[in-house]
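Trainee: can you look at this prediction? I've put the sequence above it.
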Amino acid sequence: MTKVRAALTPTAVAAYRQRFPLPQPWRLEGCADGGFAGAVVIPALAESPELFATLATLASNPSDLLQRFLVVVVVNHRADASPAEQTDNRLTLQRLAGGDGVPERLKLAWVDAATPGRELPAGDGVGLARKIGFDLALDRLEAAGRPFLVGLDADTQVEASYLSALSAHFAGNAAGAACLPFCHRPAVDAQGEAAIVRYELFLRHYVLGLRLAGSPYAYHSIGSACACMAAAYLKAGGMNRKQAGEDFYFLQQLAKTSGIATLRGTTVHPSARASGRVPFGTGRSMTRQLVEGDAAVRFYPGEAFRLLGAWLALAATEQSDDGTLLLARAGELSPGLAAFLADAGLARLWPQLRRQHRTPATFAAAFHRWFDGFKTLRLIHTLCAEELPPISAEVSLAGLADWAGLAPAADIAGWLHQLCRAEADTDGQGGESARNFL
């Protein structure tokens with residue numbers, strides 16, 4: 001992992017903006033102060049009830065820290081937003097401008113990306129909304145020190161330890177980015193609670209499987225539970241403009257360029273509500289489960305992660321420069337694995353990687369930049385589509401638990417408790433190291 005220069009320089013910010021400009025000149029309104037140690041950026045699309053509850057939880061943090069952090073709300077929609085969404089956003093902008101429901105303790109700024117003429121362009125969404133907030137906040141951060149940017153969502157509440165944990169983490173961690181522990185808030189009814197427990201368990205079983213396989217991408221990709229040093233943000237090319245999955249690709253790029261560590265000492269609490277706004281994620285999963293039941297969320301079999309681990313071990317120890325020979329050895333592990341790697345161009349790429357990166361450390365970094373988090377996810381999907389069909393949560397978790405040395409649980413809620421505890425134990429004992437060598 002390349003060490004990130006912590007301080008911001010005007011030259012670096014100007015170079016970033018020249019390469020990755022915003023599509024129009026949005027601006028910050030509200031607080032005009034500068035020199036902040038960090039900024040918390042919150043995209044908001046028709047979120048008026050949730051947003052102001054989240055702001056109240058932010059205001060529970062210590063006063064001295066609140067003075068050092070800018071909170072940026074990006075009120076946004078496209079021109080094709082529904083009338084209800086547009087009305088809600090107008091109400092939010094009015095409340096922000098009038099201070100209605102805004103805690104006085106916050107250093108609050110907002111962006112109007114919703115008024116006619118200021119809307120997001122067609123085809124854009126939450127990725128651009130996050131980028132707007134992050135990019136505009138850069139000018140308000142202190143030039144010295146280790147300023148950082150924090151991603152949050154309008155429906156994700158935080159604890160009173162939020163800003164202190166973030167500050168302590170970036171003061172003492174070499175990695176440029178951080179993933180925050182998360183726990184969804186309780187749902188409004190028993191059916192919803194069962195759905196959110198199963199969905200959160202799905203997220204955690206995937207990260208556990210990656211960790212057991214030895215993948216450096218074994219971290220949670222959640223936009224409301226991530227942060228990075230401002231310098232790392234520039235190095236990664238900033239936030240992408242994807243309508244969904246923006247957090248996945250953003251964190252993947254941060255992992256490749258600056259490293260990711262797991263933050264300890266606080267937890268964020270996303271909403272457990274159903275939604276169809278984006279094609280995947282918490283809201284969509286909740287909606288599908290409420291309609292289809294448990295079958296809407298199928299888990300990956302442990303054997304898929306074991307094959308992933310075998311492939312990563314093979315790549316790490318292979319001494320030949322012959323990509324065709326490596327494909328043949330991968331085929332001995334799994335025909336589906338070999339076919340996937342052949343389609344990905346391994347035979348051509350492998351000799352280049354071997355020639356250009358002669359030390360184990362530089363080779364490992366280059367290999368994992370190529371075989372990244374997205375390729376990893378695609379491989380798991382391919383194996384499950386062709387060789388190892390998805391299975392029930394109970395069967396999948398039993399296999400992973402046996403591999404990880406975890407005690408079996410009696411029910412889904414028990415499994416979630418087990419995996420949460422395993423994550424805390426692993427990260428608390430240096431589990432970040434595997435994710436920081438890129």
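Mentor: Alright, I've got the coordinates.

Trainee: C-alpha from now on. contacts and neighbour counts both.
Mentor: Fine.

Trainee: just give me the neighbour total for residue 239.
Mentor: Residues near residue 239, counting by other Cα atoms under 10 Å, number 25.

Trainee: list the contacts of it.
Mentor: By Cα atoms under 8 Å, 6 or more residues apart in numbering, the contact set of residue 239 is 127-128, 130-131, 134, 233, 246, 250.

Trainee: top helix in this protein by residue count?
Mentor: Counting residues, the longest helix found in the chain (DSSP state H) is helix 190-213.

Trainee: please, which helix or strand holds residue 400?
Mentor: helix 393-404 (DSSP states H and E).

Trainee: what's the domain layout of the chain?
Mentor: Following automatic domain parsing, one gets these domains for the chain: 10-182+220-266, 302-430.

Trainee: tell me the mean pLDDT over stretch 168-176?
Mentor: Mean pLDDT, stretch 168-176: 95.

Trainee: any chance of the domains of the chain in CSV, plus distance to residue 191?
Mentor: Shown next, in CSV, are these (distance: least, Cα to Cα, whole Å):
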stretch, distance to residue 191
domain 10-182+220-266, 20
domain 302-430, 13
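
Trainee: residue 211: which of these is closest?
Mentor: Comparing the domains of the chain by their distance to residue 211 (Cα to Cα), the top pick is domain 302-430, with 9.1 Å.

Trainee: and the helices in the stretch 201-350 of the chain, which stretches?
Mentor: 230-235, 246-257, 282-292, 302-317, 323-333, 335-343, 346-356 (DSSP state H, counting those that start in this stretch).

Trainee: could you identify which of these is most buried?
Mentor: helix 230-235 (a mean of 25; mean count of other Cα atoms under 10 Å).

Trainee: what's it packed up against?
Mentor: helix 10-19, strand 148-151, helix 246-257 (3 or more Cα pairs under 8 Å, 6 or more residues apart in numbering; DSSP states H and E).

Trainee: check which helices and strands the second one sits against.
Mentor: Where contact means 3+ Cα pairs under 8 Å, 6+ apart, strand 148-151 is packed against strand 38-44, strand 226-229, helix 230-235.

Trainee: each with direction, which strands does that strand pair with?
Mentor: When sheet partners are counted by DSSP bridges, strand 148-151 sits next to strand 38-44 (parallel), strand 226-229 (antiparallel).

Trainee: after that strand comes which helix or strand?
Mentor: helix 162-172.

Trainee: and that next one, how far out from the chain's middle?
Mentor: Helix 162-172 sits 18 Å away from the centroid of its parent chain (Cα atoms, centre = their mean, to the nearest Å).

Trainee: got the angle for it vs strand 38-44?
Mentor: 130 degrees (axes from the mean of the first three to the mean of the last three Cα atoms, to 10 degrees).

Trainee: follow the chain on from helix 162-172 and name the next helix or strand.
Mentor: strand 177-179.

Trainee: so where's the chain uncertain?
Mentor: Low-confidence segments of the chain, defined by pLDDT under 70: 1-6, 273-296, 427-438.

Trainee: mind doing that once more with 80?
Mentor: 1-7, 273-297, 427-438 (pLDDT under 80).

Trainee: middle-most residue in it, spatially?
Mentor: The chain has residue 221 as the residue nearest its centroid, 2.6 Å off, counting by Cα atoms, centre = their mean.

Trainee: quick one: contacts for that residue?
Mentor: Neighbours of residue 221 in contact, by Cα under 8 Å, 6+ apart: 179, 247-248, 251.

Trainee: closest to residue 57 out of these?
Mentor: residue 179 (19.4 Å).

Trainee: pretty sure that closest one is touching residue 261, no?
Mentor: Yes - shown here, residue 179 and residue 261 form a contact pair, counting by Cα atoms under 8 Å, at 6.4 Å.

Trainee: the more surrounded of those two?
Mentor: Remark: of residue 179 and residue 261, residue 261 carries more neighbours, 27 against 22, as counted by other Cα under 10 Å.

Trainee: tell me the bridge partners for residue 226.
Mentor: Applying DSSP bridges, one finds that residue 226 bridges with residue 151, residue 179.

Trainee: just to check, it is in contact with residue 180?
Mentor: Yes - the criterion here is Cα under 8 Å, and residue 226 meets it with residue 180 at 5.7 Å.

Trainee: who touches stretch 98-107?
Mentor: 31, 52, 55-56, 58-59, 63, 66-67, 69-71, 95-96.

Trainee: and those residues, which two are the farthest apart?
Mentor: 63 and 95 (22.6 Å).

Trainee: of the two, which one has the most company?
Mentor: residue 95 (15 against 11).

Trainee: which residue comes closest to the more buried one once chain neighbours are left out?
Mentor: residue 101 (7.0 Å; Cα to Cα, 6 or more residues apart in numbering).

Trainee: what about that neighbour, neighbour count?
Mentor: Using other Cα under 10 Å: residue 101 sits among 13 other residues.

Trainee: that one and residue 154, how far apart?
Mentor: Counting by Cα to Cα, to the nearest Å, the separation of residue 101 from residue 154 is 14 Å.

Trainee: so residue 112 sits in a strand?
Mentor: Yes - Residue 112 sits within a strand when classified using DSSP: H, G, I helix; E, B strand; the rest coil.

Trainee: touching, it and residue 118? I think so.
Mentor: Yes - counting by Cα under 8 Å, residue 112 touches residue 118, with 6.9 Å between them.

Trainee: which neighbours do these two have in common?
Mentor: With Cα under 8 Å, 6+ apart as the test, residue 112 and residue 118 both reach residue 26.

Trainee: who has more neighbours, these two?
Mentor: Higher neighbour count among residue 112 and residue 118: residue 112, with 21 against 17, using other Cα under 10 Å.

Trainee: name the nearest residue to the more buried one, sequence neighbours excluded.
Mentor: Residue 112 sits nearest to residue 75 (Cα to Cα, 6+ apart), 5.6 Å away.

Trainee: can you pull the contacts of that neighbour?
Mentor: Contacts of residue 75 (Cα under 8 Å, 6+ apart): 43-45, 89, 92-93, 110-114.

Trainee: what strand or helix carries it?
Mentor: Per DSSP H and E: strand 69-76 holds residue 75.

Trainee: quick check: next helix or strand after that strand?
Mentor: helix 83-98.

Trainee: now that following helix: buried residues?
Mentor: 85-86, 88-90, 92-93, 96 (16 or more other Cα atoms under 10 Å).
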